[in-house]
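J.: structure for this input, please:
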Amino acid sequence: MKIKTYKIGNHRGNGRIFLEGNLIDLHEFKCGVEYTRVDDVVNGVITLYVGRVSGIDGLHFPVRRVTQSVRNGEARPIIDLSDATISQRFAGFSRVEVEFHDGMLIYRGAK
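T.: Now for the predicted structure:
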C-alpha cells in the first residue's frame, strides 16, 4: 500500500482531483479499464474499485473508465474526478490522501 497527497482543484465551479501516470497503472487502473466509484457519505470517503461493484439490495453504482493521455508517444492512464460531490465530500479540506491498493483507491480528506 502507498499513500500520496493530492491538491483538490477547481474546474467549472466543481471540486477536482486529478491522478495520472505510473502509480495508478501499477495498481491495476490501466488505460481503458472500467472502475466503479462508491461514495461513503457518512465517513466522507470515496473508493474506486476496478470493475463493476453491486451494493446492498442490488444497488448498482455507476461504472466509469480510466482515460488516457499520450506523452512522448506513450499512453498514460488518467483518473479525473470532477463534480459537485467532490466539494461536498471533502468540505473543509484543501487536499486528499489517496491510498493505493491493488484494484482499489481510497480518497480521504487531508488538511
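
J.: and the longest strand along the chain, how far out from the chain's middle?
T.: For the chain, the longest strand by residue count, based on DSSP state E, is strand 74-83. Put simply, strand 74-83 sits 9 Å off its chain's centre (CA atoms, centre = their mean, to the nearest Å).

J.: what's the answer for stretch 63-75, then?
T.: For stretch 63-75, the distance to the chain centre is 15 Å (CA atoms, centre = their mean).

J.: with only the CA atoms kept, save it in CSV.
T.: Extracted C-alpha coordinates of stretch 63-75, given in CSV (Å, rounded to 0.1, in the frame of the first residue of the first chain):
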residue,chain,number,x,y,z
VAL,A,63,-19.2,2.5,-14.0
ARG,A,64,-16.5,4.7,-15.4
ARG,A,65,-13.4,4.2,-17.5
VAL,A,66,-9.8,5.2,-16.9
THR,A,67,-9.0,7.6,-19.7
GLN,A,68,-5.6,8.3,-21.3
SER,A,69,-3.2,11.0,-22.4
VAL,A,70,-0.3,10.4,-24.7
ARG,A,71,3.0,11.9,-23.7
ASN,A,72,6.2,11.2,-25.7
GLY,A,73,4.3,8.6,-27.7
GLU,A,74,3.3,6.6,-24.7
ALA,A,75,-0.2,6.3,-23.2
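
J.: give me the contacts around that stretch.
T.: Stretch 63-75 is contacted from outside by 20, 24, 29-37, 52, 76-80, using CB atoms under 8 Å, 6 or more residues apart in numbering. Glycine gets a C-beta too; all of them are placed from N, C-alpha and C.

J.: over to stretch 41-59?
T.: 28-29, 33-40, 60-61, 63, 79, 81, 89-90, 103-109.

J.: in that stretch, what's buried?
T.: Residues G44, V45, I46, T47, L48, Y49, V50, V53 are the ones in stretch 41-59 that count as buried (16 or more other CB atoms under 10 Å).

J.: next SSE downstream of the helix or strand harbouring the fourth one?
T.: What it means is T47. If you go by DSSP states H and E, T47 is part of strand 45-50. Using DSSP H and E, the helix or strand that directly follows strand 45-50 along the chain is strand 63-65.
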